[in-house]
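>>> predicted structure and sequence below. I'll ask about it afterward.
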2 protein chains.
Amino acid sequence: MPEVYATRRERLRERCTAGGSAAALVTRPANVRYLAGAAPLGAVLLLGSEEDVLLCDGPPSGEAAEGRPDEALEVRVLSRAGGDPAVAAAGAAADQGADSLAVEEHHLTVTRHRALGSVAPRLRLADLGGAVEQLRVIKDEEEISALRIGAEIADQALGELLESILVGRTERHLALELERRLVDHGADGPAFATSVGTGPNSGRRGHRPTDRRVEEGDFLSVCLGATYRGYRCEIGRTFVIGTSPADWQIELYDLVFAAQRAGREALAPGAAYRDVDRAARQVLDSGGRAEGLPSLTGHGVGLEIDEDPQLAPAAMGKLDACVPVTVEPGVHLPGRGGVRIDDTLVVRPEADGGPELLTITTKELLAL
Amino acid sequence: MPEVYATRRERLRERCTAGGSAAALVTRPANVRYLAGAAPLGAVLLLGSEEDVLLCDGPPSGEAAEGRPDEALEVRVLSRAGGDPAVAAAGAAADQGADSLAVEEHHLTVTRHRALGSVAPRLRLADLGGAVEQLRVIKDEEEISALRIGAEIADQALGELLESILVGRTERHLALELERRLVDHGADGPAFATSVGTGPNSGRRGHRPTDRRVEEGDFLSVCLGATYRGYRCEIGRTFVIGTSPADWQIELYDLVFAAQRAGREALAPGAAYRDVDRAARQVLDSGGRAEGLPSLTGHGVGLEIDEDPQLAPAAMGKLDACVPVTVEPGVHLPGRGGVRIDDTLVVRPEADGGPELLTITTKELLAL
């Protein structure tokens, strides 16, 4: 397992060297964790010309949720009064004789970037860009295994909620209960703020739970995910409350379901991101639900809940095998509510059975 | 109430004008909320030379937890494909004829800063620095009232927990239960990740709850806070589990309690930040607990849980009336555990009765 991190750092080093920098400074927490095995709060990773160093504000906790630093790394703990670990890292890079340091300009603030320049004025600061994010897109089987366990946990938490009485409870309580169940089943924590929407709030992407109570006849949409060993998955389902859904509910549900299925079926190695998006989107479009369409119908997941690729109309690029993505079209009718259906899947070649569905809760329209 | 926001913006505009910029772009979410009344995800605020505009990625939800945008502001909702609201704001500033725009260099990434420069090449980008953070230090009575309610909620949640059976439950469960109770009592949500530490984990600042179970004889330290109308407070207490604390526990508790009291008593308008810190610190020092002392013994609270001022040895500046701060010294003995005691107080002049304690849960050493 430790050599996984060394291999990842080696791949990044090759890119840096090709870009003319002998050293790189990684500051974005998910990127630090990917390359170092752990990302204690505030920690940064220096890929130096002589050695790689994880610089931390305080001692790493070593707990599973935070990850354990790769033993091949030097871990340097700064006293809290020791200032910004990134600045210390730039000093260390200069001490190692580097003349150029690639930094994550999309993560560093202008102020921090200037502080790096001041501490090591002879160090040329280059841009590492999204190099680590690109390495992170294709997952190894260990990463996929963590996502698979996280998805099982989310399925369990959701399944238990469905067995309980829902009418009369608030969105906020249902969200909190789901988060508690995620932790009960072994998650490090929720992968993102759990979204529960009822009635007119249902079907809104990223809806923040309110004190509205579940009522008979409501749509209830739920979106949750578990973090397991740092990896984050996502599942979303919509239910109807009461014995029989209204016609408009069945119609809307069937439309979103068909769009989501079309998106899932379009997942294959070599498929363009935009084509997957189009597959889902044109179903909604043909159903007359083109207005207010979401800007994306899916995205990558991993150490962050929203990472590359984006499945969106203007996205450039093609899927590879072993890329986990969500497929999550939805329709929200202002004042009435709506439907979202969201799965996490791993792109797999046809010969291996096609896309692997991680979130297996039924997508039938359940009346609860 | 609306004029509060206009007044705040006017004060910022005066600072900008004095600094040579006719326009300012505020991107840090807590700063946007302070000046605009709400900070929908991704929203930025332009203080323009002609008009002030809140630029959002999507429509503001208008919910209490998010705040409501000041009605005197123009709210401009960009389509999600419309790109970064900060870039749109720079364009709008240029359209209004500004030749200089002050930006928050401590918040903007290098990449975003460059994008602002590209969209409006004739606009000179200056640094707004921490101007809004400075305005935020002294609170008005409405802000203090929100903190007071948040503190009451945290006290209630903690009080209820103490009435329940604790032995055998895990740190994670206790933390989740506290967070649920915060929401039950009307909080927008927790002010920060609730920390529960038992046995050897007790007394560690920012300890992330684990699966360790509460045992007889343990120290149990808890740190939690409520967010209410965006304002975040903090309370921390340490208890002992079982009928009678051990001698070392009583001794350590008394020491930290004395340090915390000394810090509280040093709070007064005109007191130097570092003197408040020293008051608490020297008690720990004289008790032989100088090593491993925390880098700070308190900090400001408000729209963020950790804001100016810092009560730390190297901090420059003096307290004003109506500044809410925490006083939170602690000692952690590796392998054994420790004690933290943490209150939120508002600095008040002697004539008004001295510091106002917002978190009123007892600080006696309770054996639970």
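Yes, it's here.

>>> what ranges does chain A have for its helices?
A:2-18, A:29-36, A:85-95, A:110-119, A:131-137, A:141-162, A:171-184, A:247-265, A:273-286 (DSSP state H).

>>> what sits against the residue positioned nearest the centre of chain A?
Closest to where the C-alpha atoms of chain A average out (C-alpha atoms, centre = their mean) is A:Ile305, at 1.5 Å. Neighbouring residues of A:Ile305 by C-beta atoms under 8 Å, 6 or more residues apart in numbering or on different chains: A:Ala191, A:Phe192, A:Gly225, A:Arg232, A:Glu234. Just so you know, the C-beta spots here come from the backbone N, C-alpha and C atoms, and that holds for glycine as well.

>>> let me know the closest of the residues you listed to chain B.
Comparing the contacts of A:Ile305 against chain B with C-beta to the nearest C-beta places A:Phe192 closest, at 12.1 Å.

>>> that closest one reaches A:Gly225, doesn't it?
Yes: look at A:Phe192 against A:Gly225 with C-beta atoms under 8 Å: they come within range, at 6.0 Å.

>>> tell me which of those two has more neighbours.
Between A:Phe192 and A:Gly225, A:Gly225 has the larger neighbour count (other C-beta atoms under 10 Å in any protein chain shown), namely 30 against 17.

>>> quick one, grab the pLDDT at the residue nearest to the centre of chain A.
Reported pLDDT at A:Ile305 in the predicted model: 96.

>>> again, but for A:Gly62
You'll see A:Gly62 listed with a pLDDT of 68.

>>> one more: A:Ala65?
So A:Ala65 comes in at 73 (pLDDT).

>>> and what of A:Glu142?
So A:Glu142 comes in at 95 (pLDDT).

>>> was I right to think it contacts A:Val4?
Yes: A:Glu142 is within contact range of A:Val4, at 7.1 Å (criterion: C-beta under 8 Å).

>>> between these two, which one's more packed in?
Neighbours around A:Glu142 and A:Val4, counted as other C-beta under 10 Å, are more numerous at A:Val4. The numbers are 15 against 11.

>>> residues near A:Ala312, how many?
Using other C-beta under 10 Å: A:Ala312 sits among 20 other residues.

>>> hmm, I typed the wrong one, I wanted A:Leu123.
If we define neighbours as other C-beta under 10 Å, then A:Leu123 has 21 of them.

>>> just checking, it touches A:Ala92?
No: using C-beta under 8 Å as the test, A:Leu123 is too far from A:Ala92 to be in contact (10.6 Å).

>>> against chain B, how distant is the residue nearest to the centre of chain A?
14 Å (C-beta to the nearest C-beta, to the nearest Å).

>>> please apply the same query to A:Thr361.
22 Å.

>>> test for you: state the pLDDT assigned to that residue.
pLDDT for A:Thr361: 96.

>>> equivalent analysis for A:Pro2, please.
Note for A:Pro2: predicted pLDDT of 67.

>>> so how far is A:Leu73 from the closest residue to A:Leu303 other than its chain neighbours?
Of all residues not flanking A:Leu303 in the chain, A:Ala30 sits nearest, at 4.0 Å (C-beta to C-beta, 6 or more residues apart in numbering or on different chains). To A:Leu73, A:Ala30 is 17 Å away according to C-beta to C-beta, to the nearest Å.

>>> what's the answer for A:Leu176, then?
Counting by C-beta to C-beta - A:Leu176 and A:Leu73 are separated by 38 Å.

>>> how near is the residue nearest to the centre of chain A to B:Leu178?
Applying C-beta to C-beta to A:Ile305 and B:Leu178 gives a distance of 24 Å.

>>> kindly report the same for A:Arg172.
15 Å.

>>> ditto for A:Gly48
43 Å.

>>> what residues does the stretch 1-150 of chain A have near chain B?
Proximity of the stretch 1-150 of chain A to chain B, by C-beta under 8 Å from any C-beta of the partner chain, involves residues A:41, A:61, A:63, A:65-66, A:79-81, A:103, A:105-111, A:113-114, A:127.

>>> for A:Leu267, give me its contacts.
Neighbouring residues of A:Leu267 by C-beta under 8 Å, 6+ apart: A:Val276, A:Leu319, A:Val325, A:Val327, A:Leu345, A:Val347, A:Gly354, A:Pro355.

>>> try A:Leu357
Taking C-beta under 8 Å, 6+ apart, we find A:Leu357 in contact with A:Arg264, A:Asp343, A:Leu345.

>>> which residues does it bridge with?
A:Leu345 (DSSP bridges).

>>> report pLDDT for it.
For A:Leu357, pLDDT reads 97.

>>> need the contact list for A:Ala30.
Shown in contact with A:Ala30 (C-beta under 8 Å, 6+ apart): A:Ala39, A:Arg136, A:Gly302, A:Leu303, A:Glu304, A:Glu307.

>>> shouldn't A:Gly159 be in contact with A:Thr361?
Yes: with contact defined as C-beta under 8 Å, A:Gly159 reaches A:Thr361; the gap is 6.5 Å.

>>> okay, those two: which has more neighbours?
Each of A:Gly159 and A:Thr361 has its neighbours counted (other C-beta under 10 Å); A:Thr361 has more, 19 against 13.

>>> just give me the neighbour total for the closest residue to that one other than its chain neighbours.
Distance criterion C-beta to C-beta, 6+ apart; nearest residue to A:Thr361, sequence neighbours excluded, is A:Asp155 at 5.0 Å. By other C-beta under 10 Å, the residues close to A:Asp155 number 20.
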